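**Student:** sharing a model prediction with you, sequence too.
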Amino acid sequence: MGEFELIDRFFKRGARHADVGIGDDCAIWTPSPGHQLAFSADMLVEGRHFLSTVNPRDLGHKALAVNLSDLAACGATPRAFLLSLSLPRVDESWLSGFSEGLFELADAHACELIGGDTTQGPLNIAITVMGETPQGQSILRSTAQIGDDIYVSGHLGDARLALEAFRGNLSLPQTAFEQARGRLERPAPRTALGCAMRGLATAMADVSDGLLGDLGHILKASGVGAQLSLSSLSGLMLTTDAWACPREWMLRCVLSGGDDYELVFTAPQTARDRVAAVALAFDTPVTRIGSIQAGRGLQLLDASGADVPNTFRSFDHFA
């Protein structure tokens, strides 16, 4: 099977929203009136971002999900994406599963594949995603305000727990392992929640490299500090319902685990009822975990309000 037959069979669809989609040298897209375009790109490399044993359908889902999560963090509605795919060989069964998982999530978010590239080489998946926000309503990292509450959506830490189990660093009951593995391999991007936070959240980021690291991006960009209550984190790991997770592991996974693809955001204290209402409307748990402070740096506090040494480190490709 040649390159263009591969594209036609597994990835080509007629343009539904783009002015010009797959088949020309460039895709053409006209943004909605009164909107700005939001772009993001992520690359998944075998052995670095995913295991060779992952189900290709799950991999297709995750490859797009991590990009949609970036749009969610800016309050952007997904519109379209480009896919660049490097393959060691043409494996029709793998391509079938991968494209099915990819398009299942794309259709669920009305996000259209409009172009890309294929080549032979080590397995590498690169996606560039495009979304829209109403003019001037994008949610940035740089606009957190002193006194704001800090929130996180959903659950944290389970993906890292699954990774440690895959590495043989801990043993999980089967129920807990399957639950954690689902969080690692099929994350749910919070696009609806992100869009609903426009005009409510003052700053936002997605949790991809670990809560402390991604919250740290907000603090640095906004020129502020924060206090984080460790007692508020005890219910964030979904897998604790199926496994008596030791506190040390819980804190490590929740604070610096990564691969969660939840949203960490700030909002005024006066908006607590509205934040709760939005969370309820979109059936997504939202937990208040701390507050924005004057100065710089991140302070961890125990249940009594005493300082806890911060020895946690989030993921960095080159650290």
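**Tutor:** That came in fine, so what should we check first?
**Student:** so which residues of the stretch 151-300 of the chain form helices?
**Tutor:** Assigned by DSSP state H, counting those that start in this stretch, the helices in the stretch 151-300 of the chain fall at 158-166, 174-185, 191-196, 211-222, 247-256, 272-281.
**Student:** residues of the helix-or-strand element of the chain with minimal mean pLDDT that come out buried?
**Tutor:** The helix or strand of the chain with the poorest confidence is helix 3-10; it has a mean of 74 (mean pLDDT, DSSP states H and E). Neighbour-count burial for helix 3-10 flags 6-7, 10 (criterion: 16 or more other CB atoms under 10 Å). Yep, even glycine has a C-beta here, placed from its N, CA and C like the rest.
**Student:** kindly report the same for stretch 296-310.
**Tutor:** 298, 300-301.
**Student:** nearest to residue 164 among the residues you listed?
**Tutor:** Nearest to residue 164 among these: residue 300, at 21.7 Å, using CB to CB.
**Student:** for residue 187, which non-adjacent residue is closest in space?
**Tutor:** Using CB to CB, 6 or more residues apart in numbering and skipping the chain neighbours, the partner closest in space to residue 187 is residue 261 (3.9 Å).
**Student:** look at the residue lying closest to residue 111 once chain neighbours are set aside and give its secondary structure.
**Tutor:** In this structure, residue 111 finds its nearest non-sequential neighbour in residue 78, 3.9 Å apart by CB to CB, 6+ apart. Secondary structure, DSSP: H, G, I helix; E, B strand; the rest coil: residue 78 is strand.
**Student:** residue 78 is in contact with residue 191, isn't it?
**Tutor:** Yes: using CB atoms under 8 Å as the test, residue 78 is close enough to residue 191 to be in contact (6.0 Å).
**Student:** need the residues touching each of the two.
**Tutor:** Counting by CB atoms under 8 Å, 6 or more residues apart in numbering, the contacts common to residue 78 and residue 191 are 68, 71, 109.
**Student:** where helices are concerned, which of these count?
**Tutor:** Counting by DSSP state H, the shared contacts of residue 78 and residue 191 place 68, 71 in helices.
**Student:** return the member of the shared contacts of residue 78 and residue 191 nearest to residue 164.
**Tutor:** Residue 164 has its nearest neighbour among the shared contacts of residue 78 and residue 191 in residue 68, at 25.8 Å by CB to CB.
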